[in-house]
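> Sequence and predicted structure are below.
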Amino acid sequence: MAKEKIIGIDLGTTNSVVAVMDGKETIVLENPAGKRTTPSVVAWKNGERIVGEIAKRQLETNPDSIASVKRLMGTNEKVKVKVDGKEQEFTPEQVSAFILMYLKEYAEKKVGSKIEKAVITVPAYFNNDQREATKVAGKIAGLDVVRIINEPTAAALSYGVDKKDKEQKILVYDLGGGTFDVSILELSEGTFEVLATSGDNHLGGDDWDNVIVDWIKDKIKKDNNFDVSKDKMAMSRLKEAAEKAKIELSGSDSTTINLPFLAITDNGPLNVELELKRSDFEKMTANLVDRTRKPIMDALKEAGLKASDLDEVLLVGGSTRIPAVQKMVEQTLGKAPNRTINPDEVVAIGAAVQGGVLAGDVSDVLLLDVTPLTLGIVTEGDIIAPLIKRNTTIPVTKSQVFSTAADNQTEVSIVVVQGEREVLEGNKVLGQFNLSGIDPAPRGVPQIEVSFSIDVNGITTVTAKDKKNNKEATITIQNSTRLSDEEIEKMVKDAEAHKEEDQKRKEERSTIIRAESLINMMEKSITDSKDMDPKMKEQSEKEIATLKEMIEKKQIEELKTKLDQIEQAASMYANQQANKAATEKEDDNNDGPIKAEVEEEK
Ligand code: AMP
């Protein structure tokens with residue numbers, strides 16, 4: 001039996017592409033219309049479901065058509081259409097599945113065998129819900145989605161798979177219909193490592209279209225005193241004409257927008273004929289082009305690189321055909337983008353390469369993605385212990401040893417958080433679980449090993465284990481990437497803004513914890529040592545009262561000085577006692593001081 005093929009699918013907002021590996025080659029599969037890209041449009045006509053080119057052709061006239069469903073992935077929104085006269089509701093996953101079914105069907109015909117597995121690409125900043133929804137769509141379509149990979153990563157994979165020997169740093173600028181992503185990758189000996197990602201989930205070709213739509217609307221208002229916005233049909237034609245004009249302006253200096261009988265006004269039918277120059281279009285959309293500059297700079301900063309360190313700049317997505325976009329990228333990075341790749345097909349080809357890797361047809365290729373935010377746990381005083389820092393390459397496993405905060409504590413609660421703040425506040429709690437059955441012991445003695453693992457699909461597992469009795473508890477978090485790029489950016493910015501304040505709070509809390517622990521010890525020794533020197537007892541009680549008062553009044557600096565004094569005195573006293581004991585030839589097996597914090601890192 002022939003080896004099972006894993007297809008690569010770029011399930012795009014506007015268009016979708018399917019590719020597959022054939023031996024060492026990747027091929028883009030043609031749809032029944034002979035085209036290599038298939039519009040991501042689904043429609044119903046006379047009860048029949050149609051997908052792709054034919055559905056797109058009637059998008060304007062058939063109200064029962066659905067386009068750009070990718071934008072709804074991961075939401076609870078439903079799409080309503082009439083099928084055979086009856087209103088029906090579909091989830092975004094179902095609609096995407098209709099597209100996938102169509103792609104799967106024609107891929108099977110082209111390949112000549114059944115296809116059950118696929119690698120599907122998603123924008124780098126797709127959150128977990130959106131990724132899960134993509135997987136579900138695959139399942140509905142009868143496809144086992146063996147891996148979800150990020151679109152820019154796929155592009156780099158496609159570009160670099162035959163350049164494995166050359167070490168290079170690549171920036172992928174991906175501007176599609178609705179989203180913008182930047183990724184910086186390092187290619188070295190077949191390893192594709194994502195160094196940083198950034199982007200804007202709400203910026204794409206549609207925004208350029210809308211600028212033209214608004215321009216036409218304003219012209220109509222001015223010339224005909226007619227507001228076209230309320231006419232749904234006219235607006236849909238306007239939108240289509242705007243996109244057409246935008247695409248034409250990528251190849252010529254001016255374009256004519258012709259919309260005969262756009263609407264009926266009080267003065268009769270409205271015919272629109274307008275000329276739009278590329279130079280005017282560029283002025284109107286300059287701010288949009290400019291919005292892509294910051295994510296580029298952010299990604300460079302995050303990767304610790306200068307523009308001059310980049311070896312290649314890849315342009316991906318239909319909107320990178322806009323000349324002003326290409327110009328800006330070249331100016332910003334001081335390097336002409338690579339012109340050998342096809343921006344429409346490169347992502348699907350990369351997905352097919354990853355399919356080839358998973359099927360065992362391609363060797364020496366390893367894809368390493370990163371986690372977008374720091375993961376850690378909450379410790380005493382709501383202070384965060386970070387275990388996996390943001391932008392760490394996944395898959396990854398990290399462990400740290402913690403202890404108990406109170407004497408004879410037999411249970412610890414592990415709260416898993418994501419974010420950049422050093423204190424709980426401002427971080428996102430991903431999950432919580434308890435480890436019970438810890439053997440009773442003084443605080444700080446039990447050794448609780450907490451391990452974090454993130455797998456290739458971004459799924460996190462956290463385990464806590466009592467190293468003494470091997471008792472274990474585990475939680476699996478499916479949603480460690482459940483945040484949108486805005487949320488991620490906000491969390492990073494907030495952390496920056498609160499850095500000083502957080503550090504102050506962290507220090508404040510750890511000083512209070514230190515004081516409380518000392519009070520505990522002192523009180524314990526008063527009750528335990530019945531024959532304590534009354535003078536010393538009185539002194540201790542006085543110190544305890546002072547410490548408590550300082551905690552109460554939050555006199556942190558004074559508290560620190562006081563703690564240092566007491567601890568110094570205690571250590572001197574302990575030394576004296578030890579010397580005394582040594583001279584008395586008594587064996588002294590004092591335990592070391594108790595630490596309730598991190599003891600080791602692996
Ligand atoms: P994608 O999601 O990569 O298929 O990109 C789709 C977006 O690219 C849509 O907004 C298209 O209007 C836009 N697009 C496609 N071709 C061109 C072109 N030649 N010039 C400008 N924009 C284009």
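Alright, I've got the coordinates.
> going forward, measure contacts between C-alpha atoms and count neighbours the same way
Noted.
> Test for you: state the pLDDT assigned to V41.
According to the prediction, V41 has pLDDT 96.
> Any buried residues in the helix or strand containing V412, and which?
For V412, the host element (DSSP states H and E) is strand 411-418. Along strand 411-418, these residues count as buried under the neighbour rule (16 or more other Cα atoms under 10 Å): 412, 414-418.
> Among those, name the ones that also lie close to the ligand.
When Cα under 6 Å from any ligand atom is applied, no member of those is adjacent to the ligand.
> Need the pLDDT of the residue lying closest to H498 once chain neighbours are set aside.
Nearest residue to H498, sequence neighbours excluded (Cα to Cα, 6 or more residues apart in numbering): R421, at 7.5 Å. pLDDT recorded at R421 is 87.
> Equivalent analysis for A570, please.
At A570, pLDDT is 78.
> element containing it?
Judged by DSSP H and E, A570 forms part of helix 556-583.
> What are the buried residues along that helix?
Applying 16+ other Cα under 10 Å to helix 556-583 flags 556, 559-560, 562-563, 578 as buried.
> Need the max-distance pair from those.
I556 and A578 (32.1 Å; Cα to Cα).
> hang on, K82 packs against S65?
No. The criterion here is Cα atoms under 8 Å, and K82 misses it with S65 at 9.3 Å.
> for this structure, longest strand please?
In the chain, taking DSSP state E as the definition, the longest strand is strand 254-265.
> Which neighbours in the sheet does that one have, and how are they oriented?
strand 268-277 (antiparallel) (DSSP bridges).
> Let me know the closest of the buried residues of strand 411-418 to E53.
Q418 (43.0 Å).
> Quickly find the element holding the spatially closest residue to I148 that is not a sequence neighbour.
Residue nearest to I148 in three dimensions, not counting chain neighbours: I120, with 5.1 Å by Cα to Cα, 6+ apart. Assessed by DSSP H and E, I120 sits inside strand 117-122.
> what's the answer for Q88, then?
strand 86-90.
> Walk me through which strands that strand pairs with, and which way each runs.
strand 79-83 (antiparallel).
> For the strand it pairs with, output the C-alpha coordinates as PDB.
C-alpha atoms of strand 79-83 as PDB (Å, rounded to 0.1, in the frame of the first residue of the first chain):
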ATOM      1  CA  VAL A  79     -24.100  32.200  10.500                       C
ATOM      2  CA  LYS A  80     -27.600  32.200   9.200                       C
ATOM      3  CA  VAL A  81     -28.500  31.300   5.600                       C
ATOM      4  CA  LYS A  82     -31.600  30.000   3.800                       C
ATOM      5  CA  VAL A  83     -31.200  26.400   2.500                       C
END
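> So stretch 194-201, near the ligand or not?
No. Stretch 194-201 lies out of reach of the ligand by Cα under 6 Å from any ligand atom, never closer than 12.5 Å.
> Give me the contacts around that stretch.
124-125, 153, 178-186, 292, 295-296, 298-300, 302-303, 368-370, 391, 393, 484-486 (Cα atoms under 8 Å, 6 or more residues apart in numbering).
> So which bits of stretch 195-202 are buried?
195-201.
> residues near T371, how many?
The tally of other residues near T371 (other Cα atoms under 10 Å) stands at 22.
> just checking, what packs against the strand holding V412?
strand 375-379, strand 428-436 (3 or more Cα pairs under 8 Å, 6 or more residues apart in numbering; DSSP states H and E).
> what is the orientation angle of it with strand 428-436?
160 degrees (axes from the mean of the first three to the mean of the last three Cα atoms, to 10 degrees).
> so which helix or strand takes in the residue of the stretch 351-500 of the chain found nearest the ligand?
Closest contact between the stretch 351-500 of the chain and the ligand, by Cα to the nearest ligand atom, is at A351 (14.6 Å). If you go by DSSP H and E, A351 is part of helix 346-359.
> on contacts alone, who are the packing partners of that helix?
Using 3+ Cα pairs under 8 Å, 6+ apart: helix 346-359 touches strand 6-11, strand 15-22, strand 25-28, strand 117-122, helix 151-160.
> right, and these - which one's nearest the ligand?
Taking the helices and strands packed on helix 346-359 one by one with Cα to the nearest ligand atom, strand 15-22 is closest: 4.7 Å.
> Sheet-wise, list the partners of the closest one with their directions.
In its sheet, and by DSSP bridges, strand 15-22 pairs with strand 6-11 (antiparallel), strand 25-28 (antiparallel), strand 38-39 (antiparallel).
> For the ligand, see how far away the nearest residue to L300 once chain neighbours are set aside is.
Closest residue to L300 in three dimensions, ignoring its sequence neighbours and counting by Cα to Cα, 6+ apart: K306, at 6.4 Å. To the ligand, K306 is 27 Å away according to Cα to the nearest ligand atom, to the nearest Å.
> Could you tell me how many residues sit around K306?
For K306, using other Cα under 10 Å, the count is 11.
> Quick check: it touching D298?
No. In this structure K306 lies outside contact range of D298 using Cα under 8 Å: 10.9 Å.
> ok, S525 to S540 distance?
Counting by Cα to Cα, to the nearest Å, the gap from S525 to S540 is 10 Å.
> Now the element after the helix or strand S198 falls within, going C-ward?
Using DSSP H and E, the element containing S198 is strand 191-200. Downstream of strand 191-200, the first helix or strand assigned by DSSP H and E is helix 205-224.
> helices or strands up against the longest helix seen in the chain?
Counting by DSSP state H, the longest helix found in the chain is helix 499-528. With contacts taken as 3+ Cα pairs under 8 Å, 6+ apart, helix 499-528 sits against helix 534-552, helix 556-583.
> quick one: which of the ones you listed has the weakest pLDDT on average?
Taking the mean pLDDT of the helices and strands packed on helix 499-528, helix 556-583 comes last: a mean of 81.
> Next, the angle from it to helix 534-552.
Going by the same axes, to 10 degrees, helix 556-583 makes 150 degrees with helix 534-552.
> which secondary structure elements does helix 556-583 contact?
Packed next to helix 556-583, using 3+ Cα pairs under 8 Å, 6+ apart, are helix 499-528, helix 534-552.
> Report the rounded mean pLDDT for the longest one.
In other words, helix 499-528. 83.
> What of stretch 429-449?
90.
> Residues touching it, excluding its own?
By Cα under 8 Å, 6+ apart, stretch 429-449 touches 399-418, 463-469, 471-475, 477, 479-480, 594-597.
> ok now it, how far from the chain's centre?
Centroid separation for stretch 429-449 versus its chain: 30 Å, with Cα atoms, centre = their mean, to the nearest Å.
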